[in-house]
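Participant: fold the stuff below for me.
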Amino acid sequence: MKNYQQTIYACFLAYIVQAVVNNFAPLLFLTFQTQFHIPLTQITLLVTFNFLLQLIIDFAAIFFVDKIGYRISIVAAHLFAGAGLVGLALFPIIFATPFIALLAAVSLYAIGGGLLEVLVSPIVEACPTDHKEKTMSLLHSFYCWGVVGVVGLSTIFIAFLGIENWPYLAVIWAILPFCNALFFTKVPLRPLVAEGAGLSIKALFKLKSFWLFLGLMVCAGASEQSVSQWASTFAEKGLHVSKVVGDLAGPLLFAFMMGLSRIFYGKYGHKLALQRFMTISGILCVASYLLIGLSTSAPFGFLGCALSGLAVGIMWPGTFSLTARTIPNGGTALFAYLALAGDLGCSIGPTVVGFVSAAADNQLRFGILGGIIFPVGLVVGVYLLRQMYRRRKVIVLQD
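Facilitator: Here you go, the predicted structure:
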């Protein structure tokens, strides 16, 4: 009998890899500025390019994943991620222009990150498990624990060995995706739907619920990354604390609270109404953005980061679960489009924060305040989804 629990464990590790890909470089934004003399606008472009390239890969995956198979795709994803992390350390030595060097490294691990985003959730969804919504939330919690690990361990490394040794740290983090690539060559994999049973892209496009779910994913990704990508820099520059304190109380606190939210739903999700839980989370996220944007006090700023992490925890996995429940025969294309929409949000959110901050004399708290449109959009989207479900029930009863 095949042990699909090993497959789920490999997927847990894959989301830790995804966390490293998305959160290691932001810890070094100020270091890049000072060491390579890169302005804030170019730093913002690194974030934007990372998620935009992931978005492109999400879209391209629709056309090749089913043809070459999940195993080859997931192994390649890890190899690209590992190569990109190694590139962060080596490319600035090889390339004449530091910004181009960093952009090349980001390109490699963005390809890996985009593939991981498309592949991991459907691999878990296809595994024969009970309470798939709880398993999905638990899966996504490992992204949070990956953030906690990369921020916490990186902070310890920097504190003891110095920020100037960050290239060695990049190489150390690259070991994880290379090892998990080997793991994925061994574990069993199941198809998400039977061959030929998945909806066509044309059929998906005709579903109103499909477009609503895409909108929810954009808002979920933007709500999460608007604070996550800038938390360390916000703590250092906006709240005037040291880098060690900024890393610990910024992205680490954010990720820890986000992980708690997903663990909570992973344990008690069968007792909770997912749509209501997401609505409450969206409202809490709005409140946390207001707290970050309007407060000049460091304790209240840290509290806002913590609350935003707690609030956004259910948004991404919750949207995946609602979509899988509503469109069960969506196949790889459905998950790829969800990942594409989520990564679009991940790109838009930090970019909005960065440019609003630049327009407000580099005050990040005002940039984060500008990102409040995204959790508001999620609350509105969940409300529209509930109305759609109610209309469907009325039609069924009338029939």
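
Participant: all strands of the stretch 51-200 of the chain, in order?
Facilitator: Ranges of strands in the stretch 51-200 of the chain, per DSSP state E, counting those that start in this stretch: none exist.

Participant: any regions of it where pLDDT drops low?
Facilitator: Under the criterion pLDDT under 70, the flagged ranges of the stretch 51-200 of the chain are 193-198.

Participant: now do the stretch 251-399 of the chain
Facilitator: 251, 298, 362, 364, 392-399.

Participant: which stretches of it form helices?
Facilitator: Assignment of helices within the stretch 251-399 of the chain using DSSP state H, counting those that start in this stretch yields the ranges 253-268, 274-294, 298-312, 315-326, 331-359, 364-370, 373-398.

Participant: need these in CSV with mean neighbour count, can you?
Facilitator: (Glycine included, C-beta is placed from N, CA and C.) Shown next, in CSV, are those (neighbours: other CB atoms under 10 Å):
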stretch, mean neighbour count
helix 253-268, 22
helix 274-294, 20
helix 298-312, 23
helix 315-326, 24
helix 331-359, 24
helix 364-370, 23
helix 373-398, 15
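
Participant: tell me which of the ones you listed sits nearest to residue 199.
Facilitator: Ranking these by proximity to residue 199 (CB to CB) places helix 331-359 first, at 6.2 Å.

Participant: pull the distance from the closest one to the chain's centre.
Facilitator: Mean C-alpha position of helix 331-359 versus that of the full chain (CA atoms, centre = their mean, to the nearest Å) differs by 9 Å.

Participant: how far off helix 315-326 does it point, in degrees?
Facilitator: 150 degrees (axes from the mean of the first three to the mean of the last three CA atoms, to 10 degrees).

Participant: which elements pack onto helix 331-359?
Facilitator: helix 40-68, helix 98-126, helix 201-205, helix 208-228, helix 315-326, helix 364-370, helix 373-398 (3 or more CB pairs under 8 Å, 6 or more residues apart in numbering; DSSP states H and E).

Participant: how about the nearest residue to residue 36 once chain neighbours are set aside, what does it touch?
Facilitator: With sequence-adjacent residues excluded and distances taken as CB to CB, 6 or more residues apart in numbering, residue 36 is closest to residue 98, at 3.6 Å. Listed by CB atoms under 8 Å, 6 or more residues apart in numbering, the contact set of residue 98 reads 32, 35, 36, 37, 38, 92.

Participant: from residue 21, how far out is residue 98?
Facilitator: To residue 21, residue 98 is 20 Å away according to CB to CB, to the nearest Å.

Participant: and the nearest residue to residue 319 once chain neighbours are set aside, what does it touch?
Facilitator: Spatially, and ignoring its direct neighbours in sequence, residue 319 is nearest to residue 216 (4.7 Å; CB to CB, 6+ apart). By CB under 8 Å, 6+ apart, the contact list for residue 216 reads 315, 319, 322, 378, 381, 382, 385.

Participant: contacting residues for the closest residue to residue 227 other than its chain neighbours?
Facilitator: Of all residues not flanking residue 227 in the chain, residue 308 sits nearest, at 4.7 Å (CB to CB, 6+ apart). Neighbour list for residue 308: 223, 227, 254, 257, 285, 288, 289, 292 [criterion: CB under 8 Å, 6+ apart].

Participant: if you set the cut-off to 6 Å instead, what comes out?
Facilitator: Each residue near residue 308 by CB atoms under 6 Å, 6 or more residues apart in numbering is listed here: 227, 285, 288.

Participant: ok, now residue 145?
Facilitator: Applying CB under 6 Å, 6+ apart, we find residue 145 in contact with residue 259.

Participant: ok, it to residue 95 distance?
Facilitator: Residue 145 is 34 Å from residue 95, by CB to CB.

Participant: also residue 140?
Facilitator: 35 Å.

Participant: of the two, which one has the most company?
Facilitator: residue 140 (29 against 16; other CB atoms under 10 Å).

Participant: grab the nearest non-local neighbour of the more buried one.
Facilitator: Excluding the flanking residues, the one nearest residue 140 by CB to CB, 6+ apart is residue 317, at 3.9 Å.

Participant: so that neighbour makes contact with residue 137?
Facilitator: Yes - counting by CB atoms under 6 Å, residue 317 does reach residue 137; the two are 4.7 Å apart.

Participant: what's the burial count for residue 225?
Facilitator: 28.

Participant: got the contact list for it?
Facilitator: 346, 349, 350.

Participant: pretty sure the second one is touching residue 228, no?
Facilitator: No - using CB under 6 Å as the test, residue 349 is too far from residue 228 to be in contact (8.8 Å).

Participant: mutual contacts of those two, please.
Facilitator: Common neighbours of residue 349 and residue 228 (CB under 6 Å, 6+ apart) do not exist.

Participant: tell me how far residue 145 lies from residue 361.
Facilitator: Going from residue 145 to residue 361 by CB to CB gives 36 Å.

Participant: check residue 131 too.
Facilitator: Applying CB to CB to residue 131 and residue 361 gives a distance of 49 Å.

Participant: what about the two, which has more around it?
Facilitator: A count of neighbours by other CB under 10 Å puts residue 131 above the other of residue 131 and residue 361, at 12 against 7.

Participant: please name the nearest non-neighbouring residue to that one.
Facilitator: Excluding its sequence neighbours, the residue lying closest to residue 131 (CB to CB, 6+ apart) is residue 270, at 5.8 Å.

Participant: quick one: residues contacting residue 206.
Facilitator: Counting by CB under 6 Å, 6+ apart, residue 206 has no contacts.

Participant: do you know the pLDDT at it?
Facilitator: For residue 206, the model assigns a pLDDT of 88.
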